[in-house]
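J.: Build me a structure from this.
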Amino acid sequence: MSYFDAASSAPLHPVARQALLASLDEGWADPARLYREGRRVRMLLDAAREAAAEAVGCRPDELVFTPSGTRAVHEGVAGALAGRRRVGDGLLVSAVEHSSVLHAAEVHEAAGGRVTTVPVTRTGAVRVDAYAELLRPDTALACLQSANHEVGTEQPVADVAERCRAAGVPLLVDAAQSLAWGAVPGEWSLLTGSAHKWGGPAGVGVLVVRKGVRFAPRGPVDERESGRAPGFENVPAIVAAVASLRAVRAEAAAEGARLRALTARLRERVAAEVPDTEVVGDPEHRLPHLVTFSCLYVDGESLLGELDRAGFSVSSGSSCTSSTLTPSHVLRAMGVLSEGNVRVSLPVGTDGADVERFLAVLPGVVESVRGRLRGAAPDPSPAGPPVEELVVDALGKRCPLPVIELAKVIDRVPVGGAVVVLADDEAARLDIPAWCEMRGQRYAGESRTERGSSYRVVRLV
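T.: Below is the predicted model:
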């Protein structure tokens, strides 16, 4: 079995396992106590904090450990907004932030705060000028991830941080996906990370608040972790998390170059060998271990299931794999195809032979799923002479059936003619325009109907 979902959670690094086992015998006492056992644990905790600060690029007294990366984000956003409430209540986020950031934004908005969302390009990156234009005098906090968790695109953090600094607005960077590969550049103000993303144990996050940033912890606090993460520190897990971060950093340059070559091979071969497939994300400014692609006419859940049976554990942003039946907010913001989406994120040490085996299996798996779905989708209308406009009723049908039925009839209208697709599947709002982009047809817009939406496609070729 090949595990290709490191972006969700990386396998526990061997160094982390060793450190965890060793520190279980030494790290059980209360580090806030003055007796011998407590002092010993305090030394472990302080050493871990210093090592983590060195890796992140901050002062030790600016970094605290939290129970998770999500908790670090929530505490960071809430504390920074509260600390600058006299400035205003504006919160600026990109459209592709991790759900932990967006959920914090929802809470802020529900409490009466103002949230502004920065759009992204088709590669998933913000434009620096567009981001800066949305900074206002009453913006209390800006957020920007260092690299995207679904498509791997790296954000221009240093340039955005410079604009935020000029505007007097602190920038919080969610660095969960990138800390394994290096420190985040630029004059950011707050930073968060999550140990299980870099091979540490789950249940350890980091929150950095630079000196000079106004910050007011929310909720009950105590004397631990500067009042920013109350509760008894899990010192063995913290020690293991920091040990693994140092270990992956020591090999990041060489391993990053090796994995980048493997993901470049994936990007090239998937596009060449799997028809009607879109490789998404920035081809250059990206994480070294992650590649994402979407396949037309494929049910994401079936595709992931077949790949699992073939021995590959991968992830997906497809609505077909979600109980909400809505496509990934990241893919939606990028305006790319969501159906049949596959995210491959290679753990440290991935063997090139496993990647080759995946590439050998993938085309057949995709074709098999396509064959089943095409057979399950009857022709929406009988064949006949060309007509200027054809209506496809795909109401009640889920991704990817509306697009499959569109593809079946597009040749039945002349060039300049139109196909109108009626659909109530949320994914159609994203996938029909993306299909037009891929197939060289013109998407003429959406109209709301009583039961869903109608999507108009004009044939160009």
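
J.: For the spatially closest residue to T449 that is not a sequence neighbour, give its distance to V392.
T.: Leaving aside its chain neighbours, T449 sits nearest to L422 (6.8 Å; criterion: CB to CB, 6 or more residues apart in numbering). Just so you know, the C-beta spots here come from the backbone N, C-alpha and C atoms, and that holds for glycine as well. As judged by CB to CB, to the nearest Å, L422 and V392 stand 7 Å apart.

J.: swap in R374?
T.: Relative to V392, R374 is positioned 15 Å away (CB to CB).

J.: ok, now V93?
T.: 37 Å.

J.: How about G364?
T.: To V392, G364 is 29 Å away according to CB to CB.

J.: Show me the shaky parts of this protein.
T.: Scanning the chain for pLDDT under 70 picks out 319-325, 375-384.

J.: contacting residues around the residue nearest to T449?
T.: For L422, the contact set (CB atoms under 8 Å, 6 or more residues apart in numbering) comprises V391, V392, D393, A394, L395, T449, R451, G452, S453, S454.

J.: Next: R267.
T.: Contacts of R267 by CB under 8 Å, 6+ apart are V279, P283, V291, F293.

J.: Likewise for L134?
T.: L134 sits next to L92, T116, V118 when contact means CB under 8 Å, 6+ apart.

J.: shouldn't the second one be in contact with S94?
T.: No. With the criterion set as CB atoms under 8 Å, T116 and S94 do not qualify as a contacting pair; they are 10.2 Å apart.

J.: higher neighbour count, the two?
T.: With neighbours defined as other CB atoms under 10 Å, T116 and S94 compare such that S94 has more, 25 against 14.

J.: Number of residues surrounding the closest residue to the more buried one other than its chain neighbours?
T.: Distances taken as CB to CB, 6+ apart place V118 nearest to S94, at 4.7 Å, with adjacent residues excluded. Using other CB under 10 Å, V118 has 23 neighbouring residues.

J.: quick one: V118 and A434, what's the gap?
T.: 21 Å.

J.: Could you list the buried residues of stretch 69-77?
T.: G69, T70, R71, A72, V73, H74, E75, G76, V77 (16 or more other CB atoms under 10 Å).

J.: helices or strands next to the strand or helix carrying the second one in the packing?
T.: Secondary structure here is read from DSSP states H and E; on that basis T70 sits in helix 69-83. Packed against helix 69-83, as judged by 3 or more CB pairs under 8 Å, 6 or more residues apart in numbering; DSSP states H and E, are the following elements: helix 99-110, strand 139-143, strand 171-174, strand 190-194, strand 205-209.

J.: export those to JSON lines and tack on distance to A82 and mean neighbour count?
T.: JSON lines is the format used below for the helices and strands packed on helix 69-83 (distance: least, CB to CB, whole Å; neighbours: other CB atoms under 10 Å):
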{"stretch": "helix 99-110", "distance to A82": "10", "mean neighbour count": "17"}
{"stretch": "strand 139-143", "distance to A82": "9", "mean neighbour count": "27"}
{"stretch": "strand 171-174", "distance to A82": "13", "mean neighbour count": "30"}
{"stretch": "strand 190-194", "distance to A82": "13", "mean neighbour count": "29"}
{"stretch": "strand 205-209", "distance to A82": "12", "mean neighbour count": "27"}
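
J.: okay, those in JSON lines with distance to S318 next?
T.: Converted to JSON lines, these look like this (distance: least, CB to CB, whole Å):
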{"stretch": "helix 99-110", "distance to S318": "16"}
{"stretch": "strand 139-143", "distance to S318": "26"}
{"stretch": "strand 171-174", "distance to S318": "23"}
{"stretch": "strand 190-194", "distance to S318": "24"}
{"stretch": "strand 205-209", "distance to S318": "28"}
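
J.: nearest to Y35, of those?
T.: strand 205-209 (28.0 Å; CB to CB).

J.: Which strands border the closest one, and is each parallel or antiparallel?
T.: Sheet neighbours of strand 205-209, with direction, are listed as strand 63-66 (antiparallel), strand 190-194 (antiparallel) (DSSP bridges).

J.: Have a look at G364 and V392 and say which one is more surrounded.
T.: Shown here are G364 and V392; by other CB under 10 Å, V392 has more neighbours (23 against 12).

J.: Mind telling me which residue is nearest the centre of the protein?
T.: H149 (2.4 Å; CA atoms, centre = their mean).

J.: Just list the residues touching that residue, thanks.
T.: By CB under 8 Å, 6+ apart, the contact set of H149 is A7, H98, A176, Q177, V330.

J.: got it, and V208?
T.: A53, V56, C58, E62, L63, V64, L190, L191, T192.

J.: can you put the residues you listed in CSV and add distance to W181?
T.: Shown next, in CSV, are the contacts of V208 (distance: CB to CB, whole Å):
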residue, distance to W181
A53, 18
V56, 13
C58, 17
E62, 21
L63, 19
V64, 23
L190, 20
L191, 14
T192, 16
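
J.: quick one: which of the contacts of L422 is nearest to L303?
T.: Using CB to CB, the contacts of L422 come closest to L303 at A394, 20.2 Å.

J.: Phi, psi for the closest one please.
T.: For A394, the backbone dihedrals (degrees, to the nearest 10) come out as phi -110, psi 20.

J.: Look up how far V342 lies from the closest residue to it other than its chain neighbours.
T.: Nearest non-adjacent residue to A394, counting by CB to CB, 6+ apart: P402, 3.9 Å away. Plainly put, P402 is 20 Å away from V342 if you go by CB to CB.
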